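> generate a structure from the sequence data that follows.
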Amino acid sequence: MRWIAVELLVMALIGLVFGFLGPFGTYGMPVALRLAYWVGFIIIGYAIFRPVSISAGWLRETIAMPFWTAELLATAIAALPLTFLIGFAMSGMRFDPSFWGDRFLILYLQCAVIGFGIFLFMRLLFGPDGSSAESEGVQEPPQIVSDSAKIAPVQTKLHDRLSGFPDSIIALGVEDHYVRVHGPDRAEMLLMRLSDAIREMEPLEGMQVHRSWWVARDAIVTSKREGRNLRLVLFGGLEVPVSRAYVTKLKQSGWI
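Numbers count the residues shown, from 1 in each chain. The predicted model follows:
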């Protein structure tokens, strides 16, 4: 997918930067070997850290764990296998008992610091919505039935980014680093952050109800529960998940 290619490219560039700088005692390596070392292990680290970070997003939603607690926990877990891999490589692809002591602890802390630093950099680069969107997985466009007659069209600043989008916007949903703009009977993708898209929704009244979703108030038909989970049903049949952190706010606002 496109977002994987983009993130791998960013990882490779980060690896090149580390390779040229040669931190943590690697500057003494030949340049070519140093570049290969850092690019290789940064990409391997990405392959380990990314799914663990996605799992942290699921954990946050399931038990309402604070964001930074979940991310620090994910970093601590993901740094372990990466430390083992790097330690094994540094030991000449063999088990060296002398490595699994203070040297292992130092390498583990280095992996954790670099991993968390890259996470912060990616969050700054792509915004908080992009990283959290992927934890939801890619969502296929819903099969919706036209109900547009029940919603008065409201033009927003975001409409200027859309290609002939005649309908009022009923919801915004994050997919990878994109925002899918939903109308009653059509949808369109924009490469932008959810927070930026929300700022362009005036004068349409709405609310963010999930880290990956914003909904227009007038588009809400009803709400329904599936166990402990709450979903909003919008005109056209689109169903939007509501994070538990937003349920109280929706109730206090009289939306549900």
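> check what pLDDT the nearest residue to Val247 once chain neighbours are set aside gets.
Spatial nearest neighbour of Val247, excluding adjacent residues (Cβ to Cβ, 6 or more residues apart in numbering): Leu230 at 5.8 Å. From N, CA and C alone the C-beta is placed, and that goes for glycine too. As predicted, Leu230 sits at a pLDDT of 87.
> and Leu230, what are its bridge partners?
Using DSSP bridges, the bridge partners assigned to Leu230 are Arg225, Val242.
> quick one: the nearest residue to Gln110 once chain neighbours are set aside from Tyr37, how far?
Nearest residue to Gln110, sequence neighbours excluded (Cβ to Cβ, 6+ apart): Phe24, at 5.6 Å. Per Cβ to Cβ, to the nearest Å, Phe24 is found 11 Å from Tyr37.
> so if I had to pick from these two, which one is more boxed in?
Tyr37 (20 against 14; other Cβ atoms under 10 Å).
> so that one, which state does it fall into?
helix (DSSP: H, G, I helix; E, B strand; the rest coil).
> residues touching it, list them.
Contact partners of Tyr37, counting by Cβ atoms under 8 Å, 6 or more residues apart in numbering, are 19, 26, 29.
> relative to Gly19, how far out is it?
In terms of Cβ to Cβ, Tyr37 sits 7 Å off from Gly19.
> same deal with Ser98?
27 Å.
> more neighbours: the two, which one.
Gly19 (23 against 8).
> quick one: the more buried one is in a helix?
Yes - Gly19 forms part of a helix when assessed by three-state DSSP.
> my guess is it contacts Gly40, does it?
No - using Cβ atoms under 8 Å, Gly19 is not in contact with Gly40; the gap is 9.7 Å.
> picking that back up, which of the contacts of Tyr37 sits closest to Leu73?
Thr26 (28.1 Å; Cβ to Cβ).
> circling back to that earlier point, who are the neighbours in contact with the residue nearest to Val247?
Leu230 touches 223-224, 241-242, 244, 247, 256, counting by Cβ under 8 Å, 6+ apart.
> rebuild the residues you listed as a markdown table, extending it with neighbour count.
Putting those into a markdown table (neighbours: other Cβ atoms under 10 Å) gives the following:
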| residue | neighbour count |
| --- | --- |
| Ser223 | 16 |
| Lys224 | 10 |
| Pro241 | 18 |
| Val242 | 22 |
| Arg244 | 14 |
| Val247 | 14 |
| Ile256 | 13 |
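> tell me which two of those residues sit farthest apart.
Lys224 and Arg244 (15.2 Å).
> show me where the stretch 101-250 of the chain has strands.
171-175, 178-182, 187-190, 206-210, 213-216, 220-226, 229-234, 239-242 (DSSP state E, counting those that start in this stretch).
> tell me which of those strands approaches Val6 most closely.
Of all those, strand 178-182 comes closest under Cβ to Cβ, at 11.0 Å.
> list the contacts of the closest one.
Residues contacting strand 178-182 (Cβ under 8 Å, 6+ apart): 129, 139, 141-142, 158, 162, 165, 169-174, 187-194, 197, 234, 236, 238.
> in its sheet, what does it sit against?
When DSSP bridges is applied, strand 178-182 pairs with strand 171-175 (antiparallel), strand 187-190 (antiparallel).
> would you mind finding the most buried of these?
strand 171-175 (a mean of 25; mean count of other Cβ atoms under 10 Å).
> quick one, it and strand 229-234 angle?
130 degrees (axes from the mean of the first three to the mean of the last three Cα atoms, to 10 degrees).
> next, the angle from strand 171-175 to strand 220-226.
Using the same axes, to 10 degrees: strand 171-175 against strand 220-226 is 50 degrees.
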